[in-house]
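Visitor: Quick check, what structure comes out for this input:
(chains A and B)
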There are 2 protein chains.
Amino acid sequence: MGNEITIPSILPGFMELLPADQMLFNKMLDTIRNTYEKFGFIPLDTPLIEKSEILLAKSGGETEKQIYRFTKGDNDISLRFDLTVPLARYVAQHYNDLTFPFRRYHIGKVYRGERPQKGRFREFYQCDIDIIGNESLSVINEAEILSVIYSTFKALGFDDFTMRINNRKVLNGFFEGLGISDKAGVLRAVDKLDKIGEQQVAKELSELGLDEAAIDGILKFLGTKGSSKHVIESLKAIQTANPMFLQGVEELEKVCGYIGYFGIPGKNFELDLTIARGLDYYTGTIYETVLDKYPGIGSVCSGGRYDSLAGNYTNKKLPGVGISIGLTRLFYQLREAGILGAAKKSTPTRLLIIPMDNTMNDALDISTKVRGNGIPTEVYFNEGKIARKFTYADKLGIPYVIVVGEDEIKSGLFKLKDMATGEQETLKLDDIINKIGNMED
Amino acid sequence: MGNEITIPSILPGFMELLPADQMLFNKMLDTIRNTYEKFGFIPLDTPLIEKSEILLAKSGGETEKQIYRFTKGDNDISLRFDLTVPLARYVAQHYNDLTFPFRRYHIGKVYRGERPQKGRFREFYQCDIDIIGNESLSVINEAEILSVIYSTFKALGFDDFTMRINNRKVLNGFFEGLGISDKAGVLRAVDKLDKIGEQQVAKELSELGLDEAAIDGILKFLGTKGSSKHVIESLKAIQTANPMFLQGVEELEKVCGYIGYFGIPGKNFELDLTIARGLDYYTGTIYETVLDKYPGIGSVCSGGRYDSLAGNYTNKKLPGVGISIGLTRLFYQLREAGILGAAKKSTPTRLLIIPMDNTMNDALDISTKVRGNGIPTEVYFNEGKIARKFTYADKLGIPYVIVVGEDEIKSGLFKLKDMATGEQETLKLDDIINKIGNMED
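Guide: This is a model prediction of the structure:
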């Protein structure tokens, strides 16, 4: 062509997968989607681009710095940085057309102009569910969220994971009871306990002006471990009349009580008073989820209860509870940790049909029939040596191949080659369809 | 809250759906996806944001004007305006890791800053498939594309649609044979035949400097109608030694010959010499698809064969063929035309379980069991009058409801209420699961 060549590349901080990994990624995404739908969450899709005044209605330092914001014509527009703000806008905007409690899921890409670093992405998928009440929302929804998390990670193939919960009212009420005014500052310090340890947290609390007694009280409080029953009993034993604290303990007790009803095994659940979550809009149960064998990955599914979803866009009181899975980061981490195993399939195709010289007509007929049974099927069209055609199947991880020659057409019997084992089985077409149609992906 | 309220709204030219429409939209999208996968197309996902130098490597007037382009830090970046340029970049970049022929599908949003008008969107879904060869690609792939289009629109529930094809070599070869130098200009004029009529096209051709004989020849040529067999015979009768024309006729004949093998009924296919397609990179078969009863919608699935996919990013010769469905616009048009019918379901939920006072435990148990059978199930948690709970099911279009009271628990028999008919049937839980599990969505 004599064209000037532009070296093909993408921007740093963006993930792009080769086919085999993409197949794995999509399978995870589909699993999450199916699980969310089984709990009756409604799919939503909102524009990736919104008015900056909407997305930044509640301005926050980090958000403003990281957001992709630009002008197009007269419009000051931005790319969404999460799915929660668009949900708040959506619910406020379409309030009269929605039925409450409004249970929605949203799986989509969000954008944050973070400094690129290992495992951090500027474009990533979030998989969110939220249940939004009109005026009120029963605490049992906070328990059900755990059932969704549990079902999702089980469906993704995990057994060893722990959902940890805490309650913001317990934390804030306890701090209030100690006479602490800067509760948000204390929360932020407490949130780092896992990362920086007790001593460092004590130092930060001291810098916030807390005296030794208060710091000791907080650290002792955070040190309460054991079964949920034990932790709740310890909380109840705390001498305080702080109403927020008392309500928080009651909520925790309710949520823990419902958990058994949802069939969640004890080993997958923990009440952990050290969980604080960074975001300041949580007001009740807060969630984190860790993979027991890979604590370094951090929380793979987090969220919480909030009393006001859409206060920036409506005067309606819309309490809710929700969680989010950051799938792009999770996928990256699982792959890095070698948990995903080798990706074997690079195509949805389950059967490759190789026509011999004059059998294209028949090969196409067969492909239409097999495909009509819901089985992803391909006919190899390129001419060339037969070995090369098998190599094509091998490279893509297509599990089965048949060669269609004149003998096969006459006899109605085909040699089905299992590409993994190399074994061949002579079968009628209907038997091939049954066999391949029933295989697991 | 006393906050200042920002009126919730989205930007003009963006589509956002309410739950019932979103369910319909997703169903169409899933249908397209499933059909593409049945033909063995591999899912791809690429960043929405790319380097501007990549997306604009082949600069074109309209593209430059419409693209969302901005700077973030040091980067000159743009939102993709189609899925073809990212595919070209992807194939060039990952050439060594891909297996050819590379069959990929991509369903994703693209962005064009068009002036907003009815039925035109600035953010819209494209559903693309392409088959990319390494150095060469058999013409049978151009026939298979018709099979994919046919299967897709059948799966979407359409019977009356016509796939129209033409061949660029036939057009360009014919114009060349007439001694026309500005073939692209003539193509553009011819492309408008449907819209502006013969007289206007003749005028435009005259303005391009064509003499009356040439114009007459072109219009007569374009007027060739009838069965593919007849059109091909008419083409063969044309006295010309132009090699491009002759090759084009041969390709058309091959594609039409293969079509029968793919089981495509004659009524869904037409050879139409007036189809030109705007894009100048097509070099072989070109496709348009119209819904017979709604010609005003225009082509709902278009594409073509090209000889060089990625010439801007690699010296490798990568011929291919592909098509695209603009789903956002299609959905909008179908809805406007009233073809979609009333959207009835606003949730994936098939069964709503309403617990009575003390049966929450049992209701949750039942929900877990039903859900375990793959049936989207919800428990109604909010307290209130029972009528209101049925209204919730009614509003969302949940097809079945059971009330779980103490009697039901004792007897193991539940009254399954069909919300559409109002009828109740007394059944065991297993029978309910069988009944609801086998229903069509």
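
Visitor: which parts of the stretch 251-400 of chain A sit against chain B?
Guide: A:258, A:261-263, A:308, A:310-315, A:346-349, A:360-361, A:364-365, A:368, A:371, A:374-379, A:381-383, A:392, A:395-396 (CB under 8 Å from any CB of the partner chain). C-beta coordinates here come from the backbone N, C-alpha and C atoms, glycine included.

Visitor: Can you select the buried ones from the residues you listed in ChimeraX?
Guide: To isolate the buried ones among those in ChimeraX, judged by 16 or more other CB atoms under 10 Å in any protein chain shown, type:
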select /A:258,261,262,308,310,311,312,313,314,346,347,348,349,360,361,364,365,368,371,375,376,377,378,379,381,382,392,396
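
Visitor: Which positions within stretch A:198-217 qualify as buried?
Guide: Those would be A:Val201, A:Ala202, A:Glu204, A:Leu205, A:Leu208, A:Leu210, A:Ala214, A:Ile215, A:Gly217, for stretch A:198-217 by 16+ other CB under 10 Å.

Visitor: Among those, which one sits closest to chain B?
Guide: A:Leu208 (26.5 Å; CB to the nearest CB).

Visitor: ok, now which ones touch that closest one?
Guide: A:Asp182, A:Gly185, A:Val186, A:Ala189 (CB atoms under 8 Å, 6 or more residues apart in numbering or on different chains).

Visitor: Over to A:Ile323?
Guide: A:Ile323 touches A:Asp128, A:Ile129, A:Ile145, A:Val148, A:Ile149, A:Tyr287, A:Cys301, A:Ser302, A:Gly303, A:Gly304, counting by CB under 8 Å, 6+ apart.

Visitor: Where does pLDDT dip in the stretch 301-441 of chain A?
Guide: Across the stretch 301-441 of chain A, the ranges flagged by pLDDT under 70 are A:343, A:441.

Visitor: Keep only those of the contacts of A:Leu208 that are in strands.
Guide: Judged by DSSP state E, strands contain none of those.

Visitor: Farthest-apart pair in those, please.
Guide: Farthest-apart pair in the contacts of A:Leu208 is A:Asp182 and A:Ala189; separation 9.7 Å (CB to CB).

Visitor: higher neighbour count, these two?
Guide: A:Ala189 (24 against 13; other CB atoms under 10 Å in any protein chain shown).

Visitor: follow-up on the earlier one: can you lay out the buried residues of stretch A:198-217 as TSV showing pLDDT and secondary structure?
Guide: TSV is the format used below for these (pLDDT from 0 to 100; DSSP: H, G, I helix; E, B strand; the rest coil):
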residue	pLDDT	secondary structure
A:Val201	92	helix
A:Ala202	93	helix
A:Glu204	92	helix
A:Leu205	92	helix
A:Leu208	90	coil
A:Leu210	91	coil
A:Ala214	91	helix
A:Ile215	93	helix
A:Gly217	91	helix
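
Visitor: so where does A:Pro47 fall, helix or strand?
Guide: Assigned by DSSP states H and E, A:Pro47 falls within no helix or strand.

Visitor: cool, and the one 3 residues further on?
Guide: In the assignment (DSSP H and E), A:Glu50 maps to strand A:49-51.

Visitor: mean confidence score for that strand?
Guide: Average pLDDT, strand A:49-51: 97.

Visitor: Sheet partners, orientation included, of that strand?
Guide: Sheet pairing for strand A:49-51, assigned by DSSP bridges, gives strand A:75-79 (antiparallel).

Visitor: so how far is the partner strand from its chain's centroid?
Guide: 26 Å (CA atoms, centre = their mean, to the nearest Å).

Visitor: Quick check: buried residues in that strand?
Guide: So for strand A:75-79, counting by 16+ other CB under 10 Å, buried means A:Ile77, A:Ser78, A:Leu79.

Visitor: Just give me the closest of those residues to A:Leu18.
Guide: For the buried residues of strand A:75-79, the nearest to A:Leu18 is A:Leu79 (25.5 Å; CB to CB).

Visitor: Enumerate every residue touching that closest one.
Guide: A:Leu79 makes contacts with A:Leu48, A:Ile49, A:Ile67, A:Tyr68, A:Arg69, A:Val110, A:Tyr111, as judged by CB under 8 Å, 6+ apart.

Visitor: Pick out the residue of the stretch 151-300 of chain A closest to chain B.
Guide: Counting by CB to the nearest CB, the stretch 151-300 of chain A gets nearest chain B through A:Tyr261, at 4.2 Å.

Visitor: OK, contacts around the residue lying closest to that residue once chain neighbours are set aside?
Guide: Closest residue to A:Tyr261 apart from its sequence neighbours, by CB to CB, 6 or more residues apart in numbering or on different chains: B:Leu364 at 4.2 Å. Neighbouring residues of B:Leu364 by CB under 8 Å, 6+ apart: A:Tyr258, A:Tyr261, A:Phe262, A:Gly263, B:Val379.

Visitor: mind running it again at 10 Å?
Guide: Taking CB atoms under 10 Å, 6 or more residues apart in numbering or on different chains, we find B:Leu364 in contact with A:140, A:143-144, A:147, A:258, A:260-263, B:353, B:355, B:379, B:381, B:404.

Visitor: From the chain's centroid, how far away is the helix or strand containing it?
Guide: Counting by DSSP H and E, the element that carries B:Leu364 is helix B:360-372. Mean C-alpha position of helix B:360-372 versus that of the full chain (CA atoms, centre = their mean) differs by 39 Å.

Visitor: swap in stretch A:23-31?
Guide: Relative to its parent chain, stretch A:23-31 has a centroid offset of 11 Å by CA atoms, centre = their mean.
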